[in-house]
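Colleague: return atomic coordinates for the entry below.
(chains A, B and C, ligands or ions: 2)
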Amino acid sequence: MSDVVLRVEDLHKRYGREEVLRGVSFTVRRGEVKVILGPSGTGKSTLLRCITRLTEPDRGRVWLEDVEVTGRGVDLNRVRASIGFVFQDFNLFTHLTALDNVRIGLLKVKKLPKDRATRIAMEQLERVGLAHKAAAYPAELSGGQQQRVAIARALAMQPKLMLFDEPTSALDPELTGEVLDVMTQLARDGMTMVVVSHEVGFARAAADELIFMEGGRIVEQGPPEALFTRPQHPRTAQFLKKITALYEGGGALKDER
Amino acid sequence: MDVEGLLILVKSLPALLQATLVNLGLLLGLISLGFVVGVPIALLQVYGPAPLRGLALAWEGFFRGVPALVLLILFAYLPPKLGWGLEPFTAAVLALGCRSSAYQSQIFRGAIQAIPQGQMLAARALGMSRWLAVRSIILPQALRLAIPGWSNEFSSVIKDTTLASAIGVVEVFKRASFIYQRYYELAMPAYLTVALIFLILTYGGNWLLGRLERRLAVPGFQLRGADARTQAQAQAQAQARASTPAEVAR
Amino acid sequence: MIPWEELEPLRLGSLKFDPAWLPQLGRGLLTTLEITALCIALGAVLGLTLAVLRVYGRGPLYWLSSLYVQFFRGTPLLVQLFMVYYGLPSWGIVLSPFASSVLALGLNTAAYQAEYFRGAIQAIPQGQMLAARALGMSRWLAVRSIILPQALRLVIPPWSNELILMLKYSSIVYFVTLMDLMGTAKRIAASNFRNVEVFLLVALIYLGLVVAISALLRRLERRVRVPGLGGGAEAEAHH
Ligand SMILES: Nc1ncnc2c1ncn2[C@@H]1O[C@H](COP(=O)(O)OP(=O)(O)OP(=O)(O)O)[C@@H](O)[C@H]1O
Ligand SMILES: [Mg+2]
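Modeller: Ligands and ions are numbered 1, 2, ... in the order given. Have a look, this model is predicted:
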């Protein structure tokens, strides 16, 4: 088995007249962390959803290890069970406690016995620092805590790959830190990750490669330092300058934590 | 059903349609009565002094808690006992109208409570009396908000006019039963015809009310459209507070 | 046992209430409760199915379920009852008054319950389905284990109203000769011409029943309440 975990080839997607993805290709190796950034509406969320076919791509192919996700007759639910997906707005199941949120995939999808599912779920809650909130309902948790439970829910399935769609952009600035800390630790532990995020600090600390997208295409990709210091494309330079300024503006606030 | 049956049915169609006018008359009477009584009841429930508020709530509770048929019979037999003879038609309008006033008051109360507090505040700040503010600021807005709920009430009471047959009003359902009593094999087609008449009346009426709603729409002030979400939420919450979400009858 | 027959009648002005009516009305009340319970149960099963079909179904399944709902919501319950009791026999289907009543009322309330269920299902944010599918759940598993448990909680208030409404509407079954509370009252009144007294009593019985059942259902709602689901103010999920 090669160590390529994800391969995306020439993905296309249009909504009506609007071409949202116009031929996106990239690969992710085991343990690699890729951070995707780009202006709003360039198709980043669509790209992530097309990878697990939560949105059906019009054209192009996706492989997870040696399974073609876009292939005919593939067991999509099995593929999805092995890809963790973390949403911008968390999407914790409202009627379930934190523990049950983490456990439900293990019980209903993987069909594990209850005691084992509980053990795994508690371990994952521990890992994101929320074992003490196991009995709380989502509405009783802060945004940052909800997102950490959502990460635990994805991790419990022992995914081969984690996809994050702007996991901190719905959070108040003082809450992003706790989520980014969990993600950084995850990257250190060797998790393979594709992260859509504009968090410059996280990108610099954890990313192996940045992908800059605009207008449904990858404009430029490379190691973070290279992209930040000498971007090849003027649009990349412009965009990175803007978000860096924002990030440094908000930096003082973050350090007070 | 054979050709002969079809012929009988077609021949009785004018009588059925004429009897439908009785249903429409009942509808007009009861929904007007319900409106005229329902609005003050709602106002008393929201703005009235404690004893009157209690009375208004009791009125609503009684007329919502008792089946329409029981009300019909009470209104048919109680007034004569007090020396006040009533036509069945009048008794039906009174019984169903009082009942509708209870449901309508609930709709108007929800709508009144959905109007943001700031409206009353601004009106009072202009120097309006409480009553003037209610009349010229709150009610015009609330009545617009109430149209969807009111359309629901319309669809249910129009069907309930058939219940008036229980106290001898010869309306369309009763008329259809006459056909069936003479030609029992015509029961299904006769009642299906009545069903069709009601389908046309309910959906036609709803369509008209929908148009009315659009005609009366004020920019930035409708349940559909721009900030529909917040408006709808406000109304839903007001109804939740009243703990009596709009009911739909048959 | 209370010797109802031997108790003195209660007099209020010219009104006269005879305790001997009570045992008979009690038996009628049982029939009323039986019919209400059965038709509500039938309506819940059928209504939930219709709602799921209207939200997730496609093609004929979708429009057949929509047609059903529109027909039963657009026509009077009384007409529906007569179609079942007097109409169906001409198609060779003969049902007892009791079975006709349960069937007609059940078919009718199903259409209304379907709309309540549908409203509740559609009130669940899209993200819930998305997250469930992302975990690897099939559509049907996601509906069963994520969407419906939430929707069923949201539906309790309108559903409670529906139950109470059916309790009251069940009084129309006396039209097909059934001796429910209403039918029994009619029979008593026909024998002694005390319509006003009998029906005042019956009104009180219905009223008491409505109040009691509402209180019970509100307790049920509180029992299954989950923070952040329904209940107005707490609905603001985060922050
Ligand atoms: N279901 C949909 N139907 C129609 N258009 C859609 C749909 N989903 C996304 N789009 C459109 O596709 C484009 C790309 O959307 P997408 O959410 O992928 O962008 P994004 O890069 O994630 O933006 P953001 O940074 O704002 O999240 C947008 O213009 C959006 O309006
Ligand atoms: Mg996005």
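Colleague: so residue B:19 sits in a helix?
Modeller: Yes: counting by DSSP: H, G, I helix; E, B strand; the rest coil, residue B:19 is part of a helix.
Colleague: hmm, residue B:171 and it touching each other?
Modeller: Yes: Residue B:19 lies in contact with residue B:171 (C-beta atoms under 8 Å); the separation is 5.4 Å. The way it works is simple: take the backbone N, C-alpha and C, and place the C-beta from them, glycine included.
Colleague: would you map the helices across chain C?
Modeller: C:21-56, C:59-74, C:77-82, C:97-123, C:126-134, C:139-142, C:148-154, C:156-169, C:181-192, C:195-223 (DSSP state H).
Colleague: go through these and pick out the most buried.
Modeller: Most buried of the helices of chain C, by mean neighbour count (mean count of other C-beta atoms under 10 Å in any protein chain shown): helix C:77-82, with a mean of 25.
Colleague: can I get it in PDB, CA atoms only?
Modeller: What follows is helix C:77-82 as a C-alpha-only set of coordinates in PDB (Å, rounded to 0.1, in the frame of the first residue of the first chain):
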ATOM      1  CA  LEU C  77     -64.700  15.000   8.800                       C
ATOM      2  CA  LEU C  78     -68.500  14.300   8.800                       C
ATOM      3  CA  VAL C  79     -68.400  13.700   5.100                       C
ATOM      4  CA  GLN C  80     -65.400  11.400   5.500                       C
ATOM      5  CA  LEU C  81     -67.200   9.500   8.200                       C
ATOM      6  CA  PHE C  82     -70.300   9.000   6.000                       C
END
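Colleague: give me the mean pLDDT for that helix.
Modeller: Per-residue pLDDT over helix C:77-82 has a mean of 96.
Colleague: mind giving me the packing neighbours of that helix?
Modeller: helix B:172-182, helix B:187-216, helix C:97-123 (3 or more C-beta pairs under 8 Å, 6 or more residues apart in numbering or on different chains; DSSP states H and E).
Colleague: quick one, which of the ones you listed is nearest to chain A?
Modeller: Of all the helices and strands packed on helix C:77-82, helix C:97-123 sits nearest to chain A, with 11.1 Å by C-beta to the nearest C-beta.
Colleague: hmm, the closest one touching chain B?
Modeller: Yes: under the criterion of C-beta under 8 Å from any C-beta of the partner chain, chain B is reached by helix C:97-123 at C:108, C:112.
Colleague: now do that helix against helix C:181-192, angle only.
Modeller: 140 degrees (axes from the mean of the first three to the mean of the last three C-alpha atoms, to 10 degrees).
Colleague: about what we covered before: closest to ligand 1 out of the helices and strands packed on helix C:77-82?
Modeller: Ligand 1 lies closest to helix C:97-123 among the helices and strands packed on helix C:77-82, at 16.7 Å (C-beta to the nearest ligand atom).
Colleague: got a list of contacts for the one helix or strand residue A:50 maps to?
Modeller: Residue A:50 belongs to helix A:44-51 when elements are defined using DSSP states H and E. If you take C-beta atoms under 8 Å, 6 or more residues apart in numbering or on different chains as the criterion, helix A:44-51 is touched by A:6, A:8, A:11, A:13, A:20-21, A:24, A:36-38, A:55-57, A:60, A:62, A:69, A:83, A:85, A:88, A:163, A:165-166, A:194, A:196, A:213.
Colleague: one more: stretch C:177-185?
Modeller: Here stretch C:177-185 has contacts from B:67, B:69-70, C:24-25, C:27-29, C:31-32, C:35, C:97-98, C:101, C:170-174, C:187, C:198-199, C:201-202, C:205-206, using C-beta under 8 Å, 6+ apart.
Colleague: which among these are in contact with ligand 1?
Modeller: Intersecting the contacts of stretch C:177-185 with the surroundings of ligand 1, defined as C-beta under 6 Å from any ligand atom, gives nothing.
Colleague: grab the nearest non-local neighbour of the residue in the stretch 1-150 of chain A that chain C sits nearest to.
Modeller: Nearest to chain C, among the residues of the stretch 1-150 of chain A, is residue A:139, at 2.5 Å (C-beta to the nearest C-beta). Nearest residue to residue A:139 in three dimensions, chain neighbours excluded: residue C:228, at 2.5 Å (C-beta to C-beta, 6 or more residues apart in numbering or on different chains).
Colleague: for chain B, which segments count as helices?
Modeller: Using DSSP H, helices in chain B cover B:3-47, B:50-65, B:68-81, B:88-114, B:117-125, B:130-133, B:139-145, B:147-160, B:172-182, B:187-216, B:228-241.
Colleague: which ones are touching the spatially most central residue of chain B?
Modeller: Chain B has residue B:153 as the residue nearest its centroid, 3.9 Å off, counting by C-alpha atoms, centre = their mean. Residue B:153 sits next to B:31, B:34, B:100, B:103-104, B:107, B:246 when contact means C-beta under 8 Å, 6+ apart.
Colleague: switch to 7 Å and redo it
Modeller: B:100, B:103-104, B:107 (C-beta atoms under 7 Å, 6 or more residues apart in numbering or on different chains).
Colleague: buried subset of those residues as a ChimeraX selection?
Modeller: Listed next is the ChimeraX selection for buried residues among the contacts of residue B:153, using 16 or more other C-beta atoms under 10 Å in any protein chain shown:
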select /B:100,103,104,107
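Colleague: any chance of the contacts of residue B:153 in a markdown table, with pLDDT too?
Modeller: A markdown table is the format used below for the contacts of residue B:153 (pLDDT from 0 to 100):
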| residue | pLDDT |
| --- | --- |
| B:100 | 97 |
| B:103 | 95 |
| B:104 | 95 |
| B:107 | 94 |
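Colleague: closest one of the contacts of residue B:153 to residue A:204?
Modeller: residue B:107 (58.8 Å; C-beta to C-beta).
Colleague: right, and the closest one touches residue B:151 too?
Modeller: No: under the criterion of C-beta atoms under 7 Å, residue B:107 is not in contact with residue B:151, lying 9.9 Å apart.
Colleague: quick one, phi psi at residue A:167?
Modeller: phi -70, psi -20 (degrees, to the nearest 10).
Colleague: tell me the contacts of it?
Modeller: By C-beta under 7 Å, 6+ apart, the neighbours of residue A:167 are A:86, A:88, A:147, A:179, A:197.
Colleague: and the gap between the fourth one and residue C:131?
Modeller: Using C-beta to C-beta, to the nearest Å, we find residue A:179 at a distance of 17 Å from residue C:131.
Colleague: outline the domain layout of chain B.
Modeller: B:3-218, B:222-250 (automatic domain parsing).
Colleague: weakest of those in terms of mean pLDDT?
Modeller: Looking at these, the bottom one is domain B:222-250 with a mean of 38.
Colleague: that older thread, quick one: the helices and strands packed on helix C:77-82 as CSV, columns for distance to chain A too.
Modeller: Output for the helices and strands packed on helix C:77-82, formatted as CSV (distance: least, C-beta to the nearest C-beta, whole Å):
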stretch, distance to chain A
helix B:172-182, 44
helix B:187-216, 27
helix C:97-123, 11
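Colleague: of all those helices, which lies closest to residue C:19?
Modeller: Going by C-beta to C-beta, the one of the helices and strands packed on helix C:77-82 nearest residue C:19 is helix C:97-123, 28.2 Å.
Colleague: remind me what that closest one packs against, helices and strands.
Modeller: helix C:21-56, helix C:59-74, helix C:77-82, helix C:148-154, helix C:156-169 (3 or more C-beta pairs under 7 Å, 6 or more residues apart in numbering or on different chains; DSSP states H and E).
Colleague: what's the angle between that helix and helix C:59-74?
Modeller: 120 degrees.
Colleague: could you check how far helix C:97-123 is from the centre of its chain?
Modeller: 7 Å (C-alpha atoms, centre = their mean, to the nearest Å).
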